[in-house]
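> Can you look at this prediction? I've put the sequence above it.
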Amino acid sequence: MNTALSTTQVFALVLGLGTGLGLWLFIAGWRGTKRPIRRPCKQPRSAQRRRRDLIRTAIAITAAMVVGAATGWVVGAVLAALAAWALPPVLGRDPEHVRRTARVEAIATWTEMLRDTLSAASGLEQAILATAPLAPAPIRGEVVALAARLENGERFVPSLRLLADEFADPTGDLVIAALVNAAEQQSRQLAELLGALAHTAREQVSMRMRVEAGRARTRTSVRVIVGTTLVFAIAVVVLNRSYVSAYDSATGQTVLLGVGLLFTAGFAWLNRVSRVAELPRLLASPPTTSEHARVSFEGRE
């Protein structure tokens, strides 16, 4: 294979990829402006997730093209794309875990604020209105939206249940269930219950931090293994191409596919065992056919 020609092909493919991604981003952004936004507080996170997925897709396609052009292996290109897509979340930090931990801690702090404010406020609704501007940043948008709904005269219990859907967290469900019970049955021990729930939430945060410390050690070991394997594979392909010439045949591609599947299964297992099992939600809304149907149903309540 001519080296200059391969380099030219790689640059042409990368430029074509950049043009295609630019068009994709333009179309995705244009379509995004057409969609109705019901919960503005969740839009930035979803937009950030979409951008992250686009970047991962671009890197995966680029890796596949580079490997395919350099080696001529179709299986190698596919494995390179899968590795570029799947390995960063396994080897790097888990932003979703960090976000959930921060939200659980924020829910605990807001619960303590409600407990402390109930003694000075004239009621639960007034306590929520008083604590909304001071709520922790990870949940401030949802709590402020709850306060706005209450100020607009919406019913208290349905507003709380909507807040539970916005939290989408088992710990938040426990707090909201306590508030709903207090609103419907006039509980006289709400402050003690909120204190206990806040303590439970902080214990969960401590557990998550201990699990994350163990996962960090596991990811360090995986980084060493993956880095050594990739450096060795790249060095062999670049410095001693004849050593891996056996993979040029169909049989060699089959063997390479089997090796790649074994590595994929191993990394998938590592990713699975390092995840924190999430508890089932207590106040999860039943699935509906569309978001508009659920909004209409809540409006009739």
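On my side now, so go ahead.
> Residue ranges in the chain under the pLDDT threshold?
For the chain, the stretches flagged by pLDDT under 70 are 1-46, 94, 120-122, 187, 271, 273-279, 284-301.
> and the residue nearest to Asp169 when sequence neighbours are not counted, what element?
In this structure, Asp169 finds its nearest non-sequential neighbour in Arg103, 5.9 Å apart by CB to CB, 6 or more residues apart in numbering. Bear in mind the C-beta positions are built from the backbone N, C-alpha and C, glycine included. Take DSSP states H and E as the rule and Arg103 turns out to sit in helix 95-118.
> Buried residues in the helix or strand that that helix is followed by, which are they?
For helix 95-118, the following helix or strand on the C-terminal side (DSSP H and E) is helix 124-131. Neighbour counts using 16 or more other CB atoms under 10 Å place Leu124, Glu125, Ala127, Ile128, Leu129, Ala130, Thr131 of helix 124-131 among the buried residues.
> of those residues, closest to Leu87?
Ranked by distance to Leu87 (CB to CB), these are led by Thr131 at 42.4 Å.
> thought that closest one was touching Arg115?
No. Assessed by CB atoms under 8 Å, Thr131 is found out of contact with Arg115, at 10.0 Å.
> Save the buried residues of helix 124-131 as TSV, and put in distance to Ala233 too.
Below are the buried residues of helix 124-131 laid out as TSV (distance: CB to CB, whole Å):
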residue	distance to Ala233
Leu124	62
Glu125	63
Ala127	61
Ile128	58
Leu129	61
Ala130	61
Thr131	56
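> between those, which is nearest Gly92?
Ranked by distance to Gly92 (CB to CB), those are led by Thr131 at 35.3 Å.
> Just want the angle from the helix holding Arg103 to helix 124-131.
120 degrees (axes from the mean of the first three to the mean of the last three CA atoms, to 10 degrees).
> isn't the residue nearest to Asp169 right up against Val175?
No. Taking contacts as CB under 8 Å, Arg103 lies outside contact range of Val175: 11.8 Å.
> before we move on, back to that, ok, the residue nearest to Asp169 - contacts?
Contact analysis of Arg103 by CB atoms under 8 Å, 6 or more residues apart in numbering lists Pro138, Ile139, Phe167, Asp169, Gly172.
> Which of the residues you listed fall within helices?
In helices, judged by DSSP state H, the following of the contacts of Arg103 are found: Pro138, Ile139, Phe167, Gly172.
> Neighbour-wise, which one of these leads?
Greatest neighbour count in these, by other CB atoms under 10 Å, goes to Gly172: 27 neighbours.
> For that one, which non-adjacent residue is spatially closest?
Nearest residue to Gly172, sequence neighbours excluded (CB to CB, 6+ apart): Ile107, at 5.1 Å.
> likewise Arg202?
Distance criterion CB to CB, 6+ apart; nearest residue to Arg202, sequence neighbours excluded, is Ala108 at 5.0 Å.
> can you count the residues close to the one you found?
Around Ala108 there are 23 residues (other CB under 10 Å).
> That one contacts Val205, doesn't it?
Yes. Applying CB under 8 Å, one finds Ala108 in contact with Val205, separated by 7.0 Å.
> What segments of the stretch 151-300 of the chain are helices?
Under the criterion DSSP state H, counting those that start in this stretch, the stretch 151-300 of the chain carries helices at the ranges 156-167, 170-185, 190-239, 250-273, 291-300.
> and stretch 194-211, C-alpha only, in CSV?
Taking Å, rounded to 0.1, in the frame of the first residue of the first chain, the C-alpha atoms of stretch 194-211 are listed here in CSV:
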residue,chain,number,x,y,z
LEU,A,194,-37.6,14.9,57.4
GLY,A,195,-34.6,14.8,59.7
ALA,A,196,-34.4,11.0,59.5
LEU,A,197,-34.8,11.1,55.7
ALA,A,198,-32.0,13.7,55.4
HIS,A,199,-29.7,11.5,57.6
THR,A,200,-30.5,8.5,55.3
ALA,A,201,-29.8,10.5,52.2
ARG,A,202,-26.4,11.6,53.6
GLU,A,203,-25.6,8.0,54.4
GLN,A,204,-26.4,7.1,50.8
VAL,A,205,-24.0,9.8,49.7
SER,A,206,-21.2,8.4,51.9
MET,A,207,-21.9,4.9,50.4
ARG,A,208,-21.7,6.2,46.9
MET,A,209,-18.4,7.9,47.6
ARG,A,210,-16.9,4.7,49.0
VAL,A,211,-18.1,2.8,45.9
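> What distance do you get for Leu270 to Thr218?
Distance of Leu270 to Thr218, computed by CB to CB, to the nearest Å: 7 Å.
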